[in-house]
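1. Got a predicted model here, sequence first, then my questions.
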Amino acid sequence: MRDALAQLREVDVIAHVIRVFDDPSVPHSEASIDPLRDATNLDLELMLSDTIRLRGGLERLDKDLKKKRDPILEIEKTALESARRHVEAEKRCASWS
């Protein structure tokens, strides 16, 4: 899954298609069809990845802001903190970009 998440960082849009059919000729990584489980697992993996990246960005901003107060960095920090709160609350926001 880690390689897949690394590849997702390079795209502009993600279309999440959930498998709901059972076909023995098309194997499933979990060996059973459960669309809710599959969607939840992917959402949680993405949220975990986002949380890690957001925390890293906030740590970097804190270091930069200790060196010099910059209004642009303050705005970026506010945006990242808001995004982190949404991710940690497991909320989705279509307007994040």
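-> Perfect, thanks for sending it.

2. Kindly state the pLDDT recorded for Thr61?
-> Check again: residue 61 is Leu, not Thr. Turning to Leu61, the model gives it a pLDDT of 95.

3. tell me the contacts of it?
-> 73, 76-77, 80 (CB atoms under 8 Å, 6 or more residues apart in numbering). The C-beta positions use only the backbone N, C-alpha and C, and glycine is treated the same way.

4. Then Ile14?
-> When the contact criterion is CB under 8 Å, 6+ apart, the partners of Ile14 are Leu8.

5. ok, it to Leu36 distance?
-> Distance of Ile14 to Leu36, computed by CB to CB, to the nearest Å: 19 Å.

6. go on, Gly57?
-> Distance, Gly57 to Leu36, by CB to CB: 31 Å.

7. These two - which one has more neighbours?
-> Gly57 (17 against 9; other CB atoms under 10 Å).
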